[in-house]
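Asker: Just need the structure, nothing else, for what follows:
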Amino acid sequence: MAAKDLEPITREELSQPLMRLVPVVVMLAVMWVVAIVDVPLGGDLDRFGIRPRRVSGLDGIVFGPFLHNGFGHLIANTLPFLILGAAIAIGSVRRWLTVTVIIALISGLGVWLFSDGNTVTVGASGLVFGYLAYLVTRGIFARKVSYLVGGLLALFVYGGILWGLVPHPGISWSGHVFGAVGGVLAAAVVHRPRAEEPAGI
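Answerer: Numbers count the residues shown, from 1 in each chain. The predicted structure is shown next:
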């Protein structure tokens, strides 16, 4: 077997994976812009969050992840959303978008169906829990060792947020629980096993 000179990585090849992170950054930037705009409005935009079991509250499934109950809430979600979202998007933007939509729908519908009727739920934490659940379980459905290792790493770094699955006053545990359910479902849908595909790395 003959040796072959390794060709240097071009700037275009290096930038391609980074460009896949742009949608994640843009979505996060929108959250921050909305939070800043909401300051002079006195938090009035939060009314567009999810209102359980009201038809008028269904649009909160779309708007809710972009709204936060103050900057402390947004800051708490920023880093895990960025890192976990980037871990998904760097492989495929289309995959990240599919996973995000599935998680947002399952998490949002779970909140709408099961949360206290006198509440309005906002925040991206449902997505964060969903991203973590997706990363932890996708290796099982894809039967890829690299995914399993990546999932264990994500669990080691962010596994502490799983305490959010336990009900706490003022925290939408249903959004967290159904976000995690959405993440598992997304992994099953995106990485459903195919008979002709062997297990890989």
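Asker: what sits against the nearest residue to Leu45 once chain neighbours are set aside?
Answerer: If the residues on either side of it in the chain are set aside, Leu45 comes closest to Asp38, at 4.5 Å by C-beta to C-beta, 6 or more residues apart in numbering. For the C-beta atoms, the positions are set from N, CA and C on the backbone; glycine is no exception. For Asp38, the set of contacting residues under the criterion of C-beta atoms under 8 Å, 6 or more residues apart in numbering consists of Asp44, Leu45, Asp46, Leu67.
Asker: any chance of the residues you listed in TSV, plus distance to Ala86 and secondary structure?
Answerer: Conversion of the contacts of Asp38 to TSV gives the following (distance: C-beta to C-beta, whole Å; DSSP: H, G, I helix; E, B strand; the rest coil):
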residue	distance to Ala86	secondary structure
Asp44	31	helix
Leu45	26	helix
Asp46	27	helix
Leu67	22	coil
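Asker: Which of those are buried? Put it as a ChimeraX command.
Answerer: Selecting just the buried residues from the contacts of Asp38 in ChimeraX takes one command, with 16 or more other C-beta atoms under 10 Å as the test:
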select :45,46,67
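Asker: got the contacts of Asp38 as JSON lines, with distance to Ile88 columns?
Answerer: Compiled in JSON lines, those are given as follows (distance: C-beta to C-beta, whole Å):
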{"residue": "Asp44", "distance to Ile88": "33"}
{"residue": "Leu45", "distance to Ile88": "27"}
{"residue": "Asp46", "distance to Ile88": "27"}
{"residue": "Leu67", "distance to Ile88": "22"}
